[in-house]
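A.B. asks: What shape does this take:
(chains A and B)
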Number of protein chains: 2
Amino acid sequence: MIRVLVVHETRLVRSGLAALLQDEEEIDAIAACWTSAPGKAASFRPQVCVVDGDCAGSVQAAGYPGGPGCELLVLASACRPGTLRRAVAAKARGFVDKDAPPARLRHAINLVAKGQRYVDHTLTLDFLQAADMPLTARELSVLQLAAGGASVPEIARELHLSSGTVRNYMAAINRKTGARNRVDAIRISQGAGWV
Amino acid sequence: MIRVLVVHETRLVRSGLAALLQDEEEIDAIAACWTSAPGKAASFRPQVCVVDGDCAGSVQAAGYPGGPGCELLVLASACRPGTLRRAVAAKARGFVDKDAPPARLRHAINLVAKGQRYVDHTLTLDFLQAADMPLTARELSVLQLAAGGASVPEIARELHLSSGTVRNYMAAINRKTGARNRVDAIRISQGAGWV
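C.D. replies: Numbers count the residues shown, from 1 in each chain, chains lettered A, B, ... in the order given. The predicted structure is shown next:
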């Protein structure tokens, strides 16, 4: 039996994913939210932790769960290279498309539990894009504050920059993401999972 | 047996929800994406259709699936009154919080299949807000175009308005949503499910 911990912020979704895996006789699956995951992992001792990689906020706040000896398998949406980038940085071993058939997720869990890697073929192109992240760390900070509704002077104050410098960063962000304006840059970057 | 069709745009999520319901001996559940839902509904003849109400784009494009005699049960996130508003307009009978325990979803399906209503108690406050939609249809059109990255002149051209009028609409939108600026208004309105 492979012990699997499913982590997702929405209860019906994580319960559903666990029910889907439990169908298989080889898998014992339980579910947890991001907050309760570390506690559950400590007692359940999962061999594989399946997480929704698109919960960027939760990942940033809590990090990826699962202790030593637990392999990370990330569920990712296609066309969101930012998600893959975070997952790679967290040393994930498995990458499964959220739109994959359930059998593929089970197959990936089996491989990852044995210490092997699994990358869904439908995510290959996104991996190429993930390697080619267009924005610098500084530009990302500016964009993240802008996405939260901060004005240029507010961003400048927060990052100890001049308003002119923030405007230069915003112009660079627009150019690099191919955006028409600030709203468009936020939309494109959120869609790609960069912020 | 109650025949249930689960509709969600993500395959692993809809398969998981169907697996969760299938556990119960009283429910026969199958899953479909928004595109294939009408076809599956025609052959499976579901008594209850369970849909993710937050897929605003899919709902707008395809409408809610399920034919005559099929009751609509909408899964909704808390704090998204816009989702509830769309669901009410589509004559949904059941409203279940996505963060509810699975047993509550099954209970709601049982009631809705009998033609009764079910409203999750955790969504009560959101219903009050849903009744009090702050934006007019025209303001929503402006906001939707802005959220897509359109500039003021572009929005003006699209809606056959002057740029000054569009700016007036944007100012009214900011005031009504309590936003600091355009980006903030989009963020707040998307969070509430209005756009």
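
A.B. asks: which ones are touching the residue nearest the centre of chain A?
C.D. replies: Nearest to the mean C-alpha position of chain A, counting by CA atoms, centre = their mean, stands residue A:53 at 2.7 Å. With contact set as CB atoms under 8 Å, 6 or more residues apart in numbering or on different chains, residue A:53 has these partners: A:59, A:74, A:75, A:76, A:83, A:84, A:86, A:87, A:92. (Each C-beta comes from the backbone N, C-alpha and C, glycine too.)

A.B. asks: So the first one is in contact with residue A:82, correct?
C.D. replies: No - counting by CB atoms under 8 Å, residue A:59 stays clear of residue A:82, with 10.8 Å between them.

A.B. asks: Between these two, tell me which one has more neighbours.
C.D. replies: Remark: of residue A:59 and residue A:82, residue A:82 carries more neighbours, 24 against 21, as counted by other CB atoms under 10 Å in any protein chain shown.

A.B. asks: Got phi/psi on that one?
C.D. replies: Backbone geometry at residue A:82, expressed as degrees, to the nearest 10, gives phi -60, psi -40.

A.B. asks: For the residue lying closest to it once chain neighbours are set aside, give its distance to residue A:124.
C.D. replies: Distance criterion CB to CB, 6 or more residues apart in numbering or on different chains; nearest residue to residue A:82, sequence neighbours excluded, is residue A:193 at 2.9 Å. Separation of residue A:193 from residue A:124 (CB to CB, to the nearest Å): 16 Å.

A.B. asks: if you count what's nearby, which of the two comes out ahead?
C.D. replies: Neighbours were tallied for residue A:193 and for residue A:124 using other CB under 10 Å; the higher tally belongs to residue A:193 (21 against 10).

A.B. asks: Would you map out the domains in chain A?
C.D. replies: Residue ranges for the domains of chain A, per automatic domain parsing: A:2-130, A:137-192.

A.B. asks: can you tell me which of these comes nearest to residue B:11?
C.D. replies: If you check each of these against residue B:11 by CB to CB, domain A:2-130 wins as the nearest, at 4.6 Å.

A.B. asks: got the end-to-end distance for the closest one?
C.D. replies: End-to-end distance for domain A:2-130, by CA to CA, to the nearest Å: 30 Å.

A.B. asks: which element is residue A:69 on?
C.D. replies: In the assignment (DSSP states H and E), residue A:69 maps to no helix and no strand.

A.B. asks: So what's the residue count around it?
C.D. replies: Look at residue A:69: counted by other CB under 10 Å, it has 8 neighbours.

A.B. asks: so what's it closest to, chain neighbours aside?
C.D. replies: Using CB to CB, 6+ apart and skipping residues adjacent in sequence, the residue nearest residue A:69 is residue A:47, 7.4 Å away.

A.B. asks: State the distance from that neighbour to residue A:159.
C.D. replies: Note on residue A:47: its distance to residue A:159, by CB to CB, is 42 Å.

A.B. asks: With neighbour numbers in mind, choose between those two.
C.D. replies: The residue with more neighbours, out of residue A:47 and residue A:159, is residue A:47; 21 against 15, by other CB under 10 Å.

A.B. asks: does the more buried one really touch residue A:26, like I thought?
C.D. replies: No - counting by CB under 8 Å, residue A:47 stays clear of residue A:26, with 11.5 Å between them.

A.B. asks: which residues do these two both contact?
C.D. replies: Shared contacts of residue A:47 and residue A:26 (CB under 8 Å, 6+ apart): residue A:2.

A.B. asks: Give the residue spans of chain A that score low on pLDDT.
C.D. replies: A:23-24, A:56, A:60-61 (pLDDT under 70).

A.B. asks: tell me which parts of it are close to chain B?
C.D. replies: Within chain A, the positions near chain B by CB under 8 Å from any CB of the partner chain are A:10-13, A:15-20, A:23, A:75, A:77, A:96, A:98-102, A:105, A:146-151, A:179-184, A:186-188.

A.B. asks: ok, 6 Å please
C.D. replies: Residues of chain A lying close to chain B (CB under 6 Å from any CB of the partner chain) are A:10-13, A:15-17, A:19-20, A:98-99, A:102, A:149, A:151, A:180-181, A:183-184, A:187.

A.B. asks: Much appreciated, bye for now.
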